[in-house]
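Novice: Sharing a model prediction with you, sequence too.
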Amino acid sequence: MTTRFNVGDHVTWNSDAGRVSGTIIKVHTRDADYKGYTYHASVDDPQHKIRSDKTDHIAMHKGGALKKKRT
């Protein structure tokens, strides 16, 4: 079963710079354009817009790349 993530969830993911953490600010269930790139999404396989805790950078990732961060 795939983990479902919601707005406000605190998550972590791997990036080129190492492990990053942030908060989900939007869940896209349809294709979304962001910074000139189309991120493909569906109800069954959504994209998550995440704000980094350290830099406020916005990233887009599918659920398979994310893990809920323990508080």
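Specialist: That came through fine.

Novice: biggest strand in the protein by residues?
Specialist: Ranked by number of residues, the top strand in the chain under DSSP state E is strand 18-28.

Novice: Need the CA coordinates for it. CSV is fine.
Specialist: Presented in CSV, the C-alpha positions along strand 18-28 are these (Å, rounded to 0.1, in the frame of the first residue of the first chain):
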residue,chain,number,x,y,z
GLY,A,18,21.8,14.9,0.8
ARG,A,19,18.8,14.3,3.0
VAL,A,20,16.4,17.3,3.0
SER,A,21,13.2,17.9,5.0
GLY,A,22,10.2,20.1,4.5
THR,A,23,6.5,20.6,4.7
ILE,A,24,4.0,19.7,2.0
ILE,A,25,2.2,22.8,0.9
LYS,A,26,0.1,21.4,-2.0
VAL,A,27,-0.9,18.0,-3.4
HIS,A,28,-1.4,17.9,-7.2
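
Novice: mind listing what Ser52 touches?
Specialist: Listed by Cβ atoms under 8 Å, 6 or more residues apart in numbering, the contact partners of Ser52 are 20-22, 58-59. Placement of C-beta: from N, CA and C, glycine included.

Novice: Pick out the most distant pair among those residues.
Specialist: In those, two members sit farther apart than any others by Cβ to Cβ. They are Ser21 and Ile58, at 13.8 Å.

Novice: and the residue nearest to the spatial centre of the chain, what element?
Specialist: With distances taken as Cα atoms, centre = their mean, His48 lies nearest the centre of the chain, 3.5 Å away. Take DSSP states H and E as the rule and His48 turns out to sit in strand 47-52.

Novice: Strand partners (parallel or antiparallel) of that strand?
Specialist: Partners of strand 47-52 in the sheet, by DSSP bridges, are strand 18-28 (antiparallel), strand 58-62 (antiparallel).

Novice: So Val11 versus His40, what's the distance?
Specialist: 20 Å (Cβ to Cβ, to the nearest Å).

Novice: Looking at those two, which is more packed in?
Specialist: More neighbours surround Val11 than the other of Val11 and His40, with 20 against 11 (other Cβ atoms under 10 Å).

Novice: just checking, that one touches Ile25?
Specialist: No: the criterion here is Cβ atoms under 8 Å, and Val11 misses it with Ile25 at 11.1 Å.
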